[in-house]
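[1] whatever this is, show me its structure:
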Amino acid sequence: MNQYLSIFWFVEVYILTMIAAVLIKSFIRSRALQLTVTVPPMLFAILSNADGLDLFSNKTVPWNAQVVLISTFYMILGSTIFEYLKKIQTPICQ
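    Prediction:
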């Protein structure tokens, strides 16, 4: 996607992130293990894009896969925090 269609990159990232998060949440029941499983791919994505680090000869990844690895961690983290906050019975504002 380039030129006129380049503004729609977030749609494919969102769809791929949703698929990855659903697969992780479906196969791994422990919330701590879900977060543990998503940390190494996130670090891999961040380090493979860091300036000055030439970890791989192929610098372009199709479909913004590196962004998907990072956003999957944050989607799982947000889901975990949301489930934790639902368990709190004390109202914030009275």
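[2] for the protein, what helix or strand is lowest in average pLDDT?
    helix 31-49 (a mean of 86; mean pLDDT, DSSP states H and E).
[3] now do that helix: which elements does it pack against?
    helix 9-27, helix 65-86 (3 or more C-beta pairs under 8 Å, 6 or more residues apart in numbering; DSSP states H and E). All C-beta spots, glycine's among them, are computed from the backbone N, C-alpha and C.
[4] closest to Ile46 out of these?
    helix 65-86 (6.8 Å; C-beta to C-beta).
[5] now do that closest one: everything it contacts.
    Residues from elsewhere that reach helix 65-86 (C-beta atoms under 8 Å, 6 or more residues apart in numbering): 13-14, 16-18, 20-21, 24-25, 31, 34-35, 38-39, 41-42, 44-46, 48-49.
[6] CA atoms of that helix as CSV?
    Provided in CSV are the C-alpha atoms of helix 65-86 (Å, rounded to 0.1, in the frame of the first residue of the first chain):
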residue,chain,number,x,y,z
ALA,A,65,4.0,-7.1,11.0
GLN,A,66,6.3,-5.4,13.5
VAL,A,67,3.5,-3.0,14.5
VAL,A,68,1.2,-6.0,15.0
LEU,A,69,3.7,-7.7,17.4
ILE,A,70,3.8,-4.5,19.5
SER,A,71,0.1,-3.8,19.5
THR,A,72,-0.8,-7.4,20.4
PHE,A,73,1.1,-7.0,23.6
TYR,A,74,-0.8,-3.8,24.5
MET,A,75,-4.1,-5.3,23.5
ILE,A,76,-3.5,-8.3,25.8
LEU,A,77,-2.3,-5.9,28.6
GLY,A,78,-5.5,-3.8,28.2
SER,A,79,-7.7,-6.8,28.3
THR,A,80,-6.0,-8.1,31.4
ILE,A,81,-6.3,-4.7,33.1
PHE,A,82,-10.0,-4.4,32.1
GLU,A,83,-10.8,-7.9,33.5
TYR,A,84,-9.0,-6.9,36.8
LEU,A,85,-10.9,-3.6,37.0
LYS,A,86,-14.2,-5.4,36.5
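[7] ok and it relative to helix 31-49, angle-wise?
    Interaxial angle of helix 65-86 relative to helix 31-49 (axes from the mean of the first three to the mean of the last three C-alpha atoms, to 10 degrees): 150 degrees.
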